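**Q** My questions concern the predicted model and sequence given below.
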Amino acid sequence: MNIQTKLCFDDILIVPRNSIVNSRKDVSLVKKFTFRGGRTWCGIPIVVSNMDSTGTFEMAKACGIYKLLTCIHKYYSVSDWKTFIQNESYNNKSILNYVAVSTGISNQDIKKLNDILTLSNLINVICVDVANGYIPNFLQVIESIRKKYPNKIIIAGNVVTPERCKELYTAGVDIIKIGIGSGSVCLTRKQTGIGYPQASAVNDCKSDFKHHIMSDGGCKNAGDVCKAFAMGADFVMLGSVFSGHIESAGEIVEENGNRFKLFYGMSSKHKMNKYDNGVNNYRSSEGKCVRVLVKGFVKNTITDLLGGLRSHISYIGFDSLQHYDYTKITKIKTTIQLNPIYN
Ligand code: 5GP
């Protein structure tokens with residue numbers, strides 16, 4: 001049997017080449033994407049995960065200012081959406097360009113999706129999210145969403161193989177979400193043995209599937225986001241990096257002078273106790289629940305991410321994300337990433 005080695009972000013680095021800009025401040029990160037049927041989206045393709053602690057309306061307001069996309073979690077009611085849309089349409093209509101409505105695939109989920117989309121035709125992005133993107137129902141539900149909403153952009157996942165990317169694309173998905181088991185609070189690998197190291201998942205999907213993909217999970221910092229783009233991701237979704245902010249959900253708990261917020265997996269026991277009346281006896285928890293130190297307002301994190309990405313682009317001979325070409329970037333496999341002397 002031929003078992004191949006696959007890599008995560010900590011296994012790789014990017015080799016610099018001659019710059020075409022003299023300063024990172026000359027690098028533009030806003031990119032225009034054109035999907036099938038003429039659907040378009042323009043913004044910075046860093047995406048807030050639809051986890052209920054990160055994909056909040058408050059986060060969308062803060063990130064939308066920077067043109068980042070927020071996948072709003074599916075636990076808001078239709079009336080919560082109504083309030084958000086009314087307030088935002090009044091204050092700043094363009095924020096709605098930078099939100100996606102997340103949905104599962106149950107009949108109840110789809111009804112709610114329809115109810116939310118009826119509230120405003122300014123919402124153009126739908127995120128169909130299941131833990132296992134290989135179940136047969138997933139394709140059928142996507143086909144019916146595509147039929148009903150020919151002009152909306154559909155993000156859907158998660159999968160890690162190009163064959164499944166192709167099937168999802170044929171079913172009508174515009175952006176395929178890649179990642180199983182890479183997330184910071186994910187226990188899928190421990191519980192099921194299933195997964196694919198994230199850098200290789202992106203690389204291997206993109207090598208054999210030429211349409212848009214979103215790397216989801218496993219980015220710990222700006223450098224990992226850059227590596228995800230370098231491996232071929234068109235969009236990069238982040239959970240943990242956006243956790244623990246003022247705009248994230250959850251009460252602040254104080255202990256020994258430190259302030260924390262809870263951050264937990266969407267398949268964790270904590271989440272199932274909160275929304276699903278506990279863990280069903282046919283399944284187990286596939287997510288962790290952790291406390292993260294409160295990081296302050298998310299704009300500081302965004303500035304850090306965008307600064308890192310601008311610098312990355314200036315190091316490898318491009319002037320913008322629009323002109324970024326991952327196929328021209330040399331990646332190397334490393335044994336050590338950071339000098340450990342002050343660890
Ligand atoms: P992070 O950026 O925190 O490393 O990863 C975020 C991603 O982890 C999410 O967007 C989602 O795809 C995934 N995720 C969130 N909660 C869970 C969970 O409970 N179990 C698993 N397997 N994945 C999760």
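**A** Sure thing, it's come through. Numbers count the residues shown, from 1 in each chain.

**Q** Relative to the ligand, how far out is the closest residue to Lys288 other than its chain neighbours?
**A** Nearest in space to Lys288, with sequence neighbours left out and distances taken as C-beta to C-beta, 6 or more residues apart in numbering, is Val185 at 4.3 Å. Glycine gets a C-beta too; all of them are placed from N, C-alpha and C. Val185 sits at a distance of 6 Å from the ligand (criterion: C-beta to the nearest ligand atom, to the nearest Å).

**Q** was I right about Val185 contacting Gly239?
**A** Yes: if you go by C-beta atoms under 8 Å, Val185 and Gly239 touch, sitting 7.3 Å apart.

**Q** Chain neighbours aside, what residue packs nearest to Gly223?
**A** Gly308 (6.4 Å).

**Q** For my notes, confirm the one you found occurs in a strand.
**A** No: counting by DSSP: H, G, I helix; E, B strand; the rest coil, Gly308 falls outside a strand, being helix.

**Q** what does this protein have sitting close to the ligand?
**A** Within the chain, the residues that sit near the ligand (C-beta under 6 Å from any ligand atom) are 49, 51, 131, 158, 179, 181, 183-186, 188, 216-219, 237-240, 265-268, 286-287.

**Q** where does Val78 fall, phi/psi-wise?
**A** phi -60, psi -30 (degrees, to the nearest 10).

**Q** Quick check: phi and psi at the residue nearest to it when sequence neighbours are not counted.
**A** Leaving aside its chain neighbours, Val78 sits nearest to Asp115 (4.6 Å; criterion: C-beta to C-beta, 6+ apart). Here is the backbone geometry of Asp115 (degrees, to the nearest 10): phi -60, psi -40.

**Q** Ok, the one 10 residues further on next?
**A** Dihedral angles phi and psi of Val125 (degrees, to the nearest 10) take the values phi -120, psi 130.

**Q** In three-state terms, label the nearest residue to it once chain neighbours are set aside for me.
**A** The shortest distance from Val125 to any non-neighbouring residue, by C-beta to C-beta, 6+ apart, is to Ala100 (3.7 Å). The assignment at Ala100 comes out as strand when based on three-state DSSP.

**Q** show me what contacts the closest residue to Ser144 other than its chain neighbours?
**A** Closest residue in space to Ser144, ignoring its immediate chain neighbours: Ile110 at 7.7 Å, by C-beta to C-beta, 6+ apart. The neighbours of Ile110, taking C-beta atoms under 8 Å, 6 or more residues apart in numbering as the test, are Thr103, Val141, Ser144, Ile145.

**Q** would you list those residues in TSV and tack on secondary structure and pLDDT?
**A** Listed next are these as TSV, based on DSSP: H, G, I helix; E, B strand; the rest coil; pLDDT from 0 to 100:
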residue	secondary structure	pLDDT
Thr103	strand	98
Val141	helix	98
Ser144	helix	98
Ile145	helix	98
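
**Q** who are the neighbours in contact with the residue in the stretch 101-250 of the chain positioned nearest to the ligand?
**A** Shortest the stretch 101-250 of the chain-to-the ligand distance, computed as C-beta to the nearest ligand atom: residue-wise this is Gly183, at 2.4 Å. By C-beta under 8 Å, 6+ apart, the contact list for Gly183 reads Asp216, Gly217, Gly218, Gly239, Ser240, Gly265, Gly287.

**Q** now Tyr264
**A** Per C-beta under 8 Å, 6+ apart, neighbours of Tyr264: Ser53, Val185, His270, Lys271, Gly287, Lys288, Cys289, Val290.

**Q** State the number of residues packed around the fourth one.
**A** Right, Lys271. 21 (other C-beta atoms under 10 Å).

**Q** excluding its backbone neighbours, what's nearest it?
**A** In space, Lys271 is closest to Tyr264, 5.7 Å off (C-beta to C-beta, 6+ apart).

**Q** State the three-state secondary structure for the residue nearest the centre of the chain.
**A** Residue closest to the mean C-alpha point of the chain, counted by C-alpha atoms, centre = their mean, is Met237 at 1.9 Å. Three-state call for Met237 (three-state DSSP): strand.

**Q** can you point me to the longest strand in the protein?
**A** strand 40-48 (DSSP state E).

**Q** got the angle between the helix or strand just after that strand and strand 40-48?
**A** Beyond strand 40-48 in the direction of the C-terminus, DSSP states H and E gives the next helix or strand as helix 57-64. On the basis of axes from the mean of the first three to the mean of the last three C-alpha atoms, to 10 degrees, helix 57-64 is oriented at 120 degrees to strand 40-48.
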